[in-house]
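Enquirer: predicted coordinates and the sequence they were generated for:
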Amino acid sequence: MSNEDSKDSITISKTTLWQLLAGVFALLFVGAILTDGFKFGDKDTGKAVVQPSPPTPTQQPNSPEPQPSAPIKVNEEGAAGVKGNSNAPVLIVEYSDYQCPFCGRFFDQTLPSILKEYVDTGKVRLAYKDLPLSFHPNADDAALAARCAADQGKFWEMHDKLFETQDLWSGLPDATSTLVQYAKDLSLDAGKFETCLKNKEHWSEIQANMQEAEDIGATGTPSFVINGQLVVGAQPYSVFKQVIDSEL
């Protein structure tokens, strides 16, 4: 065989090889379409990317630890109640719902340690703001009741009463009479309290809290802003301790 014939043979072989490879890729591509479809999406899951809808308020059992983001600028203005040293280096703003079971869990399991270790020692100031969820039928009246009690200097007493008896009033078709009885139990002027409650005298303040929560992305209850850091859910005490200590 001449040198010219040898070169032609090599060229033909290379061409044939590329044609075969192209054919294989084409078959694989068609097979992928026929079996599972060709999807543009997340590089890890292969699932189609879908833009999430705007979040709706929810009650939160536990979420990941503090969300890393730019500091959130909120203060105690508009809070239903505030306790702790006015010069405390750490401010916790709580957004909560008296009928939310996870808020009740925070009240029972975590708040006592925060109060003992940080609020009572002057390190933390706590501000409670209202975020009654639409699917909790008695949450609005409970928030109003606490603010009406605040008019007579008994916000925290009513706050504690509502969480301590959450299971008793949450399922009532109308909790008004029970809330009025709580006012009597706390030695409030029941007449003034009932008028305040029925007239929804503090509803605009509650709505302002709800709007603030939405503005900062606190769409679930309970939510907390600790010196600008958002913590969502009924987190264990250790999570709060970690964030608070990092601010001291």
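Expert: Structure's in. What do you need?
Enquirer: in the sheet, who's paired with the residue most central in space within the chain?
Expert: With distances taken as Cα atoms, centre = their mean, the residue of the chain nearest its centroid is G220 (3.2 Å). Legend: beta-bridge partners of G220 under DSSP bridges are T58.
Enquirer: any idea how far F102 is from it?
Expert: Note on G220: its distance to F102, by Cβ to Cβ, to the nearest Å, is 9 Å. To be clear about C-beta, it is placed using only N, CA and C from the backbone, and glycine gets the same treatment.
Enquirer: same deal with A127?
Expert: 19 Å.
Enquirer: how about P236?
Expert: 12 Å.
Enquirer: higher neighbour count, these two?
Expert: Shown here are P236 and F102; by other Cβ atoms under 10 Å, F102 has more neighbours (20 against 13).
Enquirer: how is this structure partitioned into domains?
Expert: Taking automatic domain parsing as the reference, the chain has its domains at 1-51, 58-247.
Enquirer: ranking these by mean neighbour count, which comes first?
Expert: Of all the domains of the chain, domain 58-247 has the most neighbours on average by mean count of other Cβ atoms under 10 Å, namely a mean of 18.
Enquirer: L230 - that's part of a strand, no?
Expert: Yes. According to DSSP: H, G, I helix; E, B strand; the rest coil, L230 belongs to a strand.
Enquirer: any chance of JSON lines for the domains of the chain, columns mean pLDDT?
Expert: Converted to JSON lines, the domains of the chain look like this (pLDDT from 0 to 100):
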{"stretch": "domain 1-51", "mean pLDDT": "42"}
{"stretch": "domain 58-247", "mean pLDDT": "94"}
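Enquirer: the nearest residue to S113 once chain neighbours are set aside: what's it in contact with?
Expert: Leaving out its chain neighbours, the residue that sits closest to S113 by Cβ to Cβ, 6 or more residues apart in numbering is Y237, at 4.6 Å. By Cβ atoms under 8 Å, 6 or more residues apart in numbering, the contact set of Y237 is Q109, T110, S113, I114.
Enquirer: any chance of those in TSV, plus distance to V243?
Expert: Listed next are the contacts of Y237 as TSV, based on distance: Cβ to Cβ, whole Å:
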residue	distance to V243
Q109	17
T110	12
S113	14
I114	11
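Enquirer: the residues you listed into CSV, with extra columns for distance to M158 and secondary structure?
Expert: Below are these laid out as CSV (distance: Cβ to Cβ, whole Å; DSSP: H, G, I helix; E, B strand; the rest coil):
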residue, distance to M158, secondary structure
Q109, 21, helix
T110, 20, helix
S113, 22, helix
I114, 20, helix
